[in-house]
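Student: coordinates for the following, if possible.
(2 chains)
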Amino acid sequence: MASPVTPTPLLKDELDIVIPTIRNLDFLEMWRPFFQQYHLIIVQDGDPSKVIKVPQGFDYELYNRNDINRILGPKASCISFKDSACRCFGYMVSKKKYIFTIDDDCFVAKDPSGNDINALEQHIKNLLSPSTPFFFNTLYDPYREGTDFVRGYPFSLREGVPTAVSHGLWLNIPDYDAPTQLVKPRERNTRFVDAVLTIPKGTLFPMCGMNLAFDRELIGPAMYFGLMGDGQPIGRYDDMWAGWCIKVICDHLGWGVKTGLPYIWHSKASNPFVNLKKEYKGIYWQEELIPFFQAAVLPKECTTVQSCYKELSKQVKAKLGKVDDYFIKLADAMVTWIDAWDELNPSGQLPNGKSRSHSASVPAAAKATNSDSIVE
Amino acid sequence: MSNRCPPSLLSLAIDATLYNFHNISSDLSFLPEHILIDLFLRTLKAGKLTPRILKLFLATGKEEILSMIQALNIQLVLTPVLPTTSVKDNEVDIVIGAFRSDLTSFMEEWRPIFSRFHIIVVKDPDLKELKIPEGFDVRVYTESDIVKVVGSSKASLFSGYSSRYFGYLVSNRKYIISIDDDCSPAKTQNGELVDIVAQHLNNLKTPATPFFFNTLYDPYQKGSDFVRGYPFSLRSGVPCALSCGLWLNLADYDAPTQALKPDMRNTRYIDAVMTVPLKSMMPMSGVNIAFDRELVGPAMIPALKLAKEGKVRWETMEDVWCGLVVKTVCDHLKLGVKSGTPYVWRNEKGSAIDSLKKEWEGVKLMEDVLPFFETLRLSPLAVTAEECVVEIAAAVKERLGSAHTSTAETMVEWVKLWKAVRS
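Tutor: Predicted structure coming up:
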């Protein structure tokens, strides 16, 4: 007797899709069957006077640089410009429990049977089932259909812990750094690995923001994508930075990070020479950053994400400030980010329920929706 | 002055065909026989005779080609998954602990993959007889052989699931591959046999990456690499000492799990192998493993035997304990452990419910043992696997209480035996 398969909940009122873009959103057409029911938060990077056309029928709010400046005021300095790192502004203004973020050059992939992969559904499955960071299960995610914990897996650890992050992968153009891209320009990722697994506690990983979902209520404040792009000495390390921070914090607070399915189809290989210029400093700095994060210890008193993050920013300033002044700026920006997050996401109810003018309920002028629903 | 004649139109045409052979799938029989022969010889010389191209030539039905193929003894065999590293026959020992008296069907199934290699079969002392088919380079060790090597007092170490460790002890090859005798070769999604020897050796001969997780899994596999954000200083990796494979059909679940889901079968072929990160503990399953005997042989210990250990995997934990020790040793010595492919097909055997009825010590064991391993730290003085095992044994004795004193003592015995056999 096969066990009944429970359908995955849609969570359409509990999940926002955050998309950074500087070009256009044509890719949404392909995602329409999977995304149309969800609310989109578009973060428009680059020239705010450009009009980004959103395909018909999507419910969305859109923020350009002017909106970001208006909403955050002086705190807007923590949001990157001319880099997809600006997407984290979308996390901040969202009011939903879950976030799924995807790049505008990512399309629907096909599984080995030729069926379209509903990436969002898989991310939801990953987030709604527990993680197992304390002991490695050789059959990977034991909560998936058709698999379980293997012999020898301690029973006391089989309940798992809440999953904070679901990190998806990419077929076609793999997420390689510039040097690898230069050496292997033709390599394509064709291997469909039908697995999801929890990254063990104490292990860091390179988190890619192209196909990522997370529980915003759990880990949102730590998903700051750093200072990148215009005016900054580094690019293409935004998601890496966030990934190292969230992993240290998740390890500390006892939450899980999963990686593996779902796959999306990554269509565009960015220019490796441009990438090399952006990543150059990062390639050297990462040698200092990894030992820093590997050794980072958060005190027991840090029991909230915000306090963990602020503590981390102190350690960044103290220990990485010597590597480059950039990290002093970054540490300050991390604090600014948390302050901005807390302002936009007050934990208590405001007196008489009135929303504040610089909260996410933005005046209609900056928001153009095609549907009648309004975000709060 | 060079006397070379310019190439003829024919030879240019043959060169072009060779170059484009990957695109040619049409019938070759329209070619005149002498040209076909030329093409065949050139293909051989260029080393481009793949099974697909061989089939094209065979399909022409031309007599000379067919007789040439026969004369050269070219055979179209069921091709296992081609290894990316070449395997030298004399570097591998295949070790089987025999629980069943008739290994004929088992060995026949594995013949295409095992026949090149030396095989050590260790007969479980409870078995009356052992039948092995012809055509293998196999050495069988029985109870009396074991007694001869280790003495009668130590022989009990090598009974039941631990009998195979005797094979590890007496082997003098670099790599050991060991599977249970109730496994058959698995098939990939393309229907090809999974060559576990080639794949295990590929895992062992390519570096492991325990210090940072690569999201595209083993970066040394073909078609994969390190992703953006992976520190360059960590890209040379460390030697891989242990390769843990997986199982299709009957996965290695414990008795309660299998009893609860009696029809659950593992049908998912996950095409990945990855390094188990530093400090991350895992349950090693002895059903399908391979290791570098020179690096971690002494740490592959047959130390833990449940009081009621049986003849099915649901009634043993020897491999799980061994795995925790090996992982600790590897973490300390900066060696790697990989998990994932290759798969074997595990056949039905035993009853989970019957195993459940026996007192399940194994469950309680893991609860006590895991915190121990998580906090275990070895001293910088332990620089070999032997030294690590001795330190772990001392820690076991000190911290895990009287229930595990014999385990600790066995570990020390094992190291002594290991050294003695090698001297």
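
Student: how about the helix or strand hosting A:Pro179: buried residues?
Tutor: Using DSSP states H and E, A:Pro179 falls within helix A:178-183. Buried residues in helix A:178-183, counted by 16 or more other C-beta atoms under 10 Å in any protein chain shown: A:178-181. Heads up, the C-betas are built off the backbone N, CA and C, glycines and all.

Student: nearest to chain B: which residue in the stretch 201-350 of chain A?
Tutor: Residue nearest to chain B within the stretch 201-350 of chain A: A:Pro206 (2.9 Å; C-beta to the nearest C-beta).

Student: could you report the distance from that residue to B:Asp354?
Tutor: 47 Å (C-beta to C-beta, to the nearest Å).

Student: and what of B:Leu250?
Tutor: Separation of B:Leu250 from B:Asp354 (C-beta to C-beta) stands at 15 Å.

Student: these two - which one has more neighbours?
Tutor: Ranked by neighbour count (other C-beta atoms under 10 Å in any protein chain shown), B:Leu250 and B:Asp354 place B:Leu250 first, with 21 against 14.

Student: report the contact partners of the more buried one.
Tutor: By C-beta atoms under 8 Å, 6 or more residues apart in numbering or on different chains, the contact set of B:Leu250 is B:265-266, B:346-349.

Student: please identify the buried residues of the helix ranked longest in chain A?
Tutor: Counting residues, the longest helix found in chain A (DSSP state H) is helix A:272-295. Across helix A:272-295, burial judged by 16+ other C-beta under 10 Å covers A:272, A:275-276, A:278-283, A:285-286, A:288-290, A:292-293.

Student: sorry, back to before: quick one: which two of the contacts of B:Leu250 are the most distant?
Tutor: B:Asn266 and B:Lys349 (14.9 Å; C-beta to C-beta).

Student: which one's more surrounded, these two?
Tutor: Set B:Asn266 next to B:Lys349 and count neighbours by other C-beta under 10 Å: B:Asn266 wins out with 21 against 16.

Student: just the pLDDT at the residue nearest to the more buried one when sequence neighbours are not counted, thanks.
Tutor: Spatial nearest neighbour of B:Asn266, excluding adjacent residues (C-beta to C-beta, 6 or more residues apart in numbering or on different chains): B:Ala251 at 3.9 Å. At B:Ala251, the model reports a pLDDT of 93.

Student: could you pull up phi and psi at B:Ala251?
Tutor: Reported as degrees, to the nearest 10, the phi and psi values for B:Ala251 are phi -70, psi 160.

Student: hang on, the earlier thing: just list the residues touching the residue of the stretch 201-350 of chain A closest to chain B, thanks.
Tutor: Neighbouring residues of A:Pro206 by C-beta under 8 Å, 6+ apart: A:240, A:243, B:212-215, B:227-230.

Student: repeat for B:Leu335
Tutor: When contacts are taken as C-beta under 8 Å, 6+ apart, B:Leu335 is in contact with B:208, B:238-242, B:295-296, B:329.

Student: leaving out chain neighbours, which residue sits closest to it?
Tutor: Nearest non-adjacent residue to B:Leu335 (C-beta to C-beta, 6+ apart): B:Ala241, at 4.1 Å.

Student: ok, now A:Phe134?
Tutor: Nearest to A:Phe134 is A:Leu157, by C-beta to C-beta, 6+ apart, at 5.3 Å.
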